[in-house]
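> build me a model:
(one chain, ligands or ions: 1)
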Amino acid sequence: MKEASSKQLPNKSVRHKLFGSVQPGEKIKPTEKEKMPDLQNTKKDFLFDIDQVGIANVKHPVQVFSKTKPLAQTTIGTFKMTSSIQKNHKGTNMSRFTEMMQEYSENSTFDLSIASLKTFTKEMAERLEQDDNQITVSFPWFFERSGPASDMTGMNHADAEITILYEKNAGYHVTVSLQGTITTLCPCSKEISEYSAHNQRGIVSMKTELTGEYNEDEMDWKLALLEAAESNASARIHPVLKRPDEKMVTEQAYENPRFVEDMVRLVAADLYELPFVQKFSVTCQNEESIHLHDAIATISYDKSLHN
Ligand SMILES: Nc1nc2c(ncn2[C@@H]2O[C@H](COP(=O)(O)OP(=O)(O)OP(=O)(O)O)[C@@H](O)[C@H]2O)c(=O)[nH]1
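Below is the predicted model of the structure:
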């Protein structure tokens with residue numbers, strides 16, 4: 001047997017020198033904040049106003065509440081936070097965005113309720129000394145789902161997104177989006193074939209602008225949008241299916257065939273009926289099982305333009 005050899009390594013600072021680290025050079029610029037130049041706050045004619053400036057792709061743990069199980073969950077939010085700036089202002093103060101997020105998380109996990117995000121955007125505008133502020137946060141939302149026959153539960157998820165725009169003179173605009181997954185069975189295939197019908201996994205993306213009627217203590221927008229997608233599909237997606245469940249969803253899909261066109265029209269009808277939805281768009285994209293390409297359809301609708 002070969003004996004283990006022991007190596008005499010130089011210490012860590014010698015190793016760093018070996019790999020190119022050098023001594024710091026002479027430092028002459030101020031280290032106190034008050035003595036540092038504040039380029040961002042330079043006032044001059046910088047030619048153009050900026051619509052939105054800030055930070056994006058900020059990951060942060062968040063707390064999400066639902067009206068279905070789990071009633072509370074910690075998940076990961078991906079944030080974009082911006083405001084406009086006028087042309088006489090060189091730059092925004094980017095550190096204030098994450099500084100405030102930390103303050104909002106100090107006593108508990110960052111709360112993703114609409115009420116809390118509204119307070120956040122208004123305070124952020126004030127802290128930046130701007131008249132507006134916008135926050136967009138996307139997050140995976142988890143919900144329990146049980147098998148239709150066995151009632152055995154597992155965890156599903158959908159991709160959710162909230163955008164709050166605060167404008168000093170106009171108040172708040174709240175937009176919420178959900179991307180859920182469904183089963184669709186092809187009506188054409190069912191019609192023309194002696195037996196069977198091909199089916200696919202469909203992605204339903206819904207984006208809705210909420211009216212002032214939305215009350216998050218009574219309603220859960222995530223659940224309402226998920227139901228709009230799933231209740232109109234050929235079948236729902238399940239994490240746990242025993243044989244009696246599998247038989248049920250297979251037969252249910254055969255009894256409820258859907259094209260992508262059928263899906264977007266049926267989901268649009270449900271969103272139209274939701275009293276707290278002002279505007280919506282819905283897209284269904286089916287990952288076809290008999291093609292390499294997808295099938296896709298979209299509807300956009302603004303209730304205020306059609307009344
Ligand atoms: N405005 C702006 N800042 C940037 C950009 N890229 C990075 N930063 C960073 O933003 C940070 C400074 O944030 P500020 O909020 O202006 O810092 P500060 O002036 O010390 O903070 P306050 O005292 O709150 O004004 C520095 O780390 C900058 O390098 C950019 O494209 N624009």
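> could you say what helices and strands the helix or strand of the chain with the lowest mean pLDDT packs with?
Taking all helices and strands of the chain together, the one with the lowest average confidence (mean pLDDT, DSSP states H and E) is helix 303-306, at a mean of 90. Judged by 3 or more C-beta pairs under 8 Å, 6 or more residues apart in numbering; DSSP states H and E, helix 303-306 is in contact with strand 277-287. All C-beta spots, glycine's among them, are computed from the backbone N, C-alpha and C.
> so what strands line up beside the strand it packs on?
Strand 277-287 sits in its sheet next to strand 199-210 (antiparallel), strand 294-302 (antiparallel), going by DSSP bridges.
> so which bits of the stretch 1-150 of the chain are right by the ligand?
33, 38, 40, 91-96 (C-beta under 6 Å from any ligand atom).
> same thing but at 5 Å, please
Counting by C-beta under 5 Å from any ligand atom, the stretch 1-150 of the chain comes close to the ligand at 40, 91-95.
> dump the residue contacts of the residue of the stretch 201-307 of the chain found nearest the ligand.
Taking C-beta to the nearest ligand atom, the ligand has its nearest neighbour within the stretch 201-307 of the chain at Lys207, 28.7 Å off. Lys207 makes contact with 175-177, 280-282 under the criterion C-beta atoms under 8 Å, 6 or more residues apart in numbering.
> then Val64?
Each residue near Val64 by C-beta under 8 Å, 6+ apart is listed here: 72-75, 112, 139, 141, 160.
> any idea of the mean pLDDT in the strand or helix carrying it?
Following DSSP states H and E, one finds Val64 within strand 50-65. Averaging the model's pLDDT scores along strand 50-65 yields 97.
> if we look at stretch 277-284, which residues are touching it?
Applying C-beta under 8 Å, 6+ apart, the set of residues contacting stretch 277-284 from outside is 184, 202-211, 260, 263-264, 267-268, 271-272, 296-304.
> what two of the residues of the stretch 1-150 of the chain next to the ligand are the furthest from one another?
Longest distance between any two of those is 11.5 Å, between Gly91 and Ser95; criterion C-beta to C-beta.
> between those two, who's got more neighbours?
A direct count of neighbours by other C-beta atoms under 10 Å for Gly91 and Ser95 places Gly91 higher, at 14 against 10.
> pLDDT wise, what is the more buried one at?
Predicted confidence (pLDDT) for Gly91: 95.
> which ones are touching it?
Neighbours of Gly91 in contact, by C-beta under 8 Å, 6+ apart: 39-42, 53, 85.
> list buried residues within the residues you listed.
Among these, those classed as buried by 16 or more other C-beta atoms under 10 Å are Ile85.
> tell me the one among the contacts of Gly91 nearest to Trp221.
Each of these was scored against Trp221 by C-beta to C-beta, and Val53 proved nearest at 28.5 Å.
> and Thr250, helix, strand or coil?
In terms of secondary structure, Thr250 is helix; the call rests on DSSP: H, G, I helix; E, B strand; the rest coil.
> now the spatially closest residue to Ile182 that is not a sequence neighbour: how far from Glu261?
Computed as C-beta to C-beta, 6 or more residues apart in numbering, the closest residue to Ile182 that is not its neighbour in sequence is Ala233, at 3.5 Å. The spacing between Ala233 and Glu261, counted by C-beta to C-beta, to the nearest Å, is 14 Å.
> picking that back up, wait, which of the contacts of Val64 is closest to the ligand?
Ranked by distance to the ligand (C-beta to the nearest ligand atom), those are led by Leu112 at 24.2 Å.
> my guess is that closest one contacts Val62. True?
Yes: the pair formed by Leu112 and Val62 meets the contact definition of C-beta atoms under 8 Å, at 4.8 Å.
> overlap of the contact sets of these two?
Overlap of the contact sets of Leu112 and Val62 (by C-beta under 8 Å, 6+ apart) consists of 77, 137, 139.
> thanks a lot, see you next time.
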